[in-house]
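Undergrad: Here is a sequence with its predicted model. Questions after.
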Amino acid sequence: MTDTTSDGTPGYTLTARSPHDYDATVARVRELLGDAGFGVLTEIDLKATLKTKLDVDVAPQVILGACRPQLAHQALAADPSVAALLPCNVVVREEADGVVVEAFDPQVMISM
């Protein structure tokens, strides 16, 4: 995983490239989230949503809203405003040169 943009500047996400196709990557991300104790609470299919709402075609992309209840509870107990950052979004998107998986870098969140 990297935390820089394509031009090498610091980014705000952790990014990984998948050696698998889009559908296999989405399935694998769901599996790995589950293995780490996260459940997927929401799913936004951006390709379908943008086609329906704006009649535009974009590459396949999904936002998975993941939550680990114990960690969410601890964070909310410390600061109820953290609810604005929940669930944690994990994005899987198809690009011309492969599939990318991204999540917000928690170190950037802490620095904010």
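TA: Received, thanks.

Undergrad: Poorly predicted segments of this protein, please.
TA: 1-10, 109-112 (pLDDT under 70).

Undergrad: let's see 90
TA: For the chain, residues meeting the criterion pLDDT under 90 lie at 1-12, 75, 82, 85, 104-112.

Undergrad: right, and Ala66 touches Gly37 too?
TA: No - counting by CB atoms under 8 Å, Ala66 does not reach Gly37; the two are 9.8 Å apart. C-betas here are computed from N, CA, C, even on glycine.

Undergrad: Now do the same contact list for the residue nearest in space to the middle of the chain.
TA: Centroid check for the chain by CA atoms, centre = their mean gives Val90 as the closest residue, at 1.2 Å. Applying CB atoms under 8 Å, 6 or more residues apart in numbering, we find Val90 in contact with Val29, Leu33, Ile63, Leu64, Ala66, Val101, Glu102, Ala103.

Undergrad: what about the third one, which helix or strand?
TA: Assignment of secondary structure by DSSP states H and E places Ile63 within strand 61-67.

Undergrad: that older thread, the residue nearest to the centre of the chain pairs with what?
TA: Beta bridges link Val90 to Leu64, Ala103 when assigned by DSSP bridges.
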